[in-house]
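Student: Take a look and give me a structure for this.
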Amino acid sequence: MKIDICYTPELIHQFDVSDKCVVVIDVLRATSCMVAGLGSGVKSIKPVATVEECEALGAQGYVMAGERGGKKLDQFDIGNSPFDYMQSQFKGKDIAATTTNGTRAIELSKEAPEVIIGSFLNLSAIVDHLASQSRDILLFCAGWKGRYNLEDSLFAGAICDGLKKHAEFTSDAVTAAFYLYESMQKDLFYYISRSNHAARLSKFGILKDIEYCSRTDEFEVVPKLNNGALTI
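Tutor: Residues are numbered from 1 along each chain as shown. Here you go, the predicted model:
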């Protein structure tokens, strides 16, 4: 099996996803929230691109979750914190979610035969799943408004490290992410907290979110996109 990395949604046109297992990555914070929510008993999460789509689903009884620029939308039930998604009242509930970066990357992955959601919170579960399947793999980093970011690339490197005995590295993008993770893995929180995106989010007082999103293997779930919704 071969593995490659798309570092931002602006580059996805360079990749053919029609035969790939795509791993969508948005460490701060969309995919971490999705893993935390589904791992804590949320029934499903429907990612949508626009606020209007999310509001329409809210009218149908979905819990509305979302942010723009890192800030919770006032009309929504919850924002984009993993602690929001882990609240006990959302067990068995369906959530509709829209975010600045992560839900866009999921939308752009829909032509793939398999789309799964990755974060440090479910790193080992993702690596085990990828090692057990036979499709080529594309690690799709959500980035920040079309630009490269550190934390998603660092997680992509963690997957590459976990698959180094199973998958062929097919580009310098993979090699770079692999060595990035090799150099930073001993203190993930330290490096993630010094990323530009962490600095942007820090004005919202969410250091605890950044610390939590830096933890590994809190959950053993592999969220998958089925008929437009994420389930486990």
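Student: for the helix or strand bottoming out on mean pLDDT in the chain, packing partners?
Tutor: Lowest by mean pLDDT, DSSP states H and E among the helices and strands of the chain is helix 196-202, with a mean of 77. Helix 196-202 sits against helix 150-162, helix 207-213, with contacts defined as 3 or more CB pairs under 8 Å, 6 or more residues apart in numbering; DSSP states H and E. Any C-beta I mention is one placed from the backbone N, CA and C, and that applies to glycine too.
Student: Deepest in the core, which of those is it.
Tutor: Counting by mean count of other CB atoms under 10 Å, helix 150-162 has the highest mean neighbour count of those, with a mean of 25.
Student: Give me the sheet partners of the next helix or strand after that helix and which way each runs.
Tutor: Heading C-terminal from helix 150-162, the first helix or strand you meet, by DSSP states H and E, is strand 168-169. Its sheet considered, strand 168-169 pairs with strand 2-6 (parallel) by DSSP bridges.
Student: Using CSV, write down the CA coordinates of the strand it pairs with.
Tutor: Taking only C-alpha atoms (Å, rounded to 0.1, in the frame of the first residue of the first chain), the coordinates of strand 2-6 have been written out as CSV:
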residue,chain,number,x,y,z
LYS,A,2,1.1,3.6,-0.7
ILE,A,3,0.7,6.6,1.5
ASP,A,4,0.7,10.3,0.6
ILE,A,5,-0.2,13.6,2.2
CYS,A,6,-2.3,16.6,1.1
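Student: And the contacts of that strand?
Tutor: 12, 14-15, 136-141, 153, 156, 159-160, 163, 167-171, 173-174, 177 (CB atoms under 8 Å, 6 or more residues apart in numbering).
Student: Any of those residues buried? List them.
Tutor: Applying 16 or more other CB atoms under 10 Å to the contacts of strand 2-6, the neighbour count classes 12, 15, 136-141, 153, 156, 159-160, 163, 167, 169, 173-174, 177 as buried.
Student: Tell me who's in contact with residue 29.
Tutor: Applying CB under 8 Å, 6+ apart to residue 29 gives the contacts 80-82, 99, 201, 209, 213.
Student: export those residues to JSON lines and tack on distance to residue 190?
Tutor: Shown next, in JSON lines, are the contacts of residue 29 (distance: CB to CB, whole Å):
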{"residue": "80", "distance to residue 190": "23"}
{"residue": "81", "distance to residue 190": "21"}
{"residue": "82", "distance to residue 190": "19"}
{"residue": "99", "distance to residue 190": "25"}
{"residue": "201", "distance to residue 190": "16"}
{"residue": "209", "distance to residue 190": "16"}
{"residue": "213", "distance to residue 190": "13"}
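Student: Perfect, that will be all.
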